[in-house]
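# After the sequence you'll find the predicted model.
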Amino acid sequence: MNASVVYSSMTGHSKKLALAIAEELDITAYNVKLEAPEIKNNDVVFIVSGIYDGVASKQLMDFIDNLEPDQVKAVALVMSSTTQDYSKCQIKRELEKKNIPIAGEFSCSGSFLVIKLGHPNKEEIKQAVEFARQIYNQYI
Ligand SMILES: Cc1cc2nc3c(=O)[nH]c(=O)nc-3n(C[C@H](O)[C@H](O)[C@H](O)COP(=O)(O)O)c2cc1C
């Protein structure tokens with residue numbers, strides 16, 4: 001089994017979610033803002049992101065733009081935002097264009113100023129980890 005976590009975080013929520021998933025699965029978490037993820041023969045890549053004015057960060061979109069189907073069998077999304085509406089961000093569309101399957105999607109609240117304060121909370125982080133574990137087990 002070969003899997004990775006790739007995340008982009010502005011206020012720390014995605015980092016928290018990504019590191020919890022990486023610890024549970026004992027895999028590497030790459031912060032796309034700091035390093036180029038090394039994705040080679042991966043069964044699954046967990047992409048963890050917030051939404052900012054409707055879209056994901058440029059660095060994360062650049063990573064997806066450069067991801068090829070021979071690097072990964074499938075991607076799983078772990079998203080947090082105030083609205084939990086990430087339909088306008090291009091992540092899914094870009095993956096579909098590249099014929100990279102989406103193994104599953106998890107979404108939870110992520111606070112912005114006082115909106116959804118306290119989220120993602122411990123329970124949501126636990127649910128994200130359980131989601132990732134289920135996906136991981138499917139791909140073994
Ligand atoms: C500058 C900024 C813009 C945001 N815009 C949106 C938005 O358009 N829609 C939404 O649902 N959430 C929005 N949010 C909330 C974030 O998606 C949410 O806080 C997310 O959990 C952030 O993840 P991060 O802490 O990893 O950066 C915004 C947050 C910030 C800081």
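Good, I have the coordinates. Here the structure is a predicted model, which is why all the values come from computation and not from measurement.

# Next, the buried residues of stretch 118-133.
Buried residues in stretch 118-133, defined by neighbour count with 16 or more other CB atoms under 10 Å: 119-120, 124-125, 128-129, 131-132. Every residue, glycine included, has its C-beta placed from N, CA and C.

# Among those residues, which one lies nearest to residue 44?
residue 132 (8.9 Å; CB to CB).

# Kindly state the pLDDT recorded for the closest one?
The model reports residue 132 with a pLDDT of 98.

# Identify the residue nearest it in space, chain neighbours excluded?
In space, and not counting its chain neighbours, residue 132 is closest to residue 21: 4.3 Å by CB to CB, 6 or more residues apart in numbering.

# gap between that neighbour and residue 114?
27 Å (CB to CB, to the nearest Å).

# Likewise for residue 86?
21 Å.

# the more surrounded of those two?
Neighbour totals were compared for residue 86 and residue 114, and residue 86 leads with 21 against 6 (other CB atoms under 10 Å).

# Wait, the more buried one touches residue 93, no?
No - applying CB atoms under 8 Å, one finds residue 86 not in contact with residue 93, separated by 11.1 Å.

# where along the chain do the strands fall?
3-8, 28-31, 42-50, 72-81, 102-109 (DSSP state E).

# which ones are touching the closest residue to the ligand within the chain?
Nearest residue of the chain to the ligand, counting by CB to the nearest ligand atom: residue 110, 1.8 Å away. By CB atoms under 8 Å, 6 or more residues apart in numbering, the contact list for residue 110 reads 11, 13-14, 50, 80-82, 116, 119-120.

# Restricted to buried residues, select the residues you listed in ChimeraX.
Burial among the contacts of residue 110 is assessed by 16+ other CB under 10 Å; the matching ChimeraX selection reads:
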select :13,14,50,80,81,116,119,120
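
# So which of the contacts of residue 110 is the closest to residue 100?
Closest to residue 100, out of all of these and judged by CB to CB, is residue 14, at 19.8 Å.

# circling back: let's have the strands of the chain in TSV, adding mean pLDDT.
Below are the strands of the chain laid out as TSV (pLDDT from 0 to 100):
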stretch	mean pLDDT
strand 3-8	98
strand 28-31	98
strand 42-50	98
strand 72-81	98
strand 102-109	98
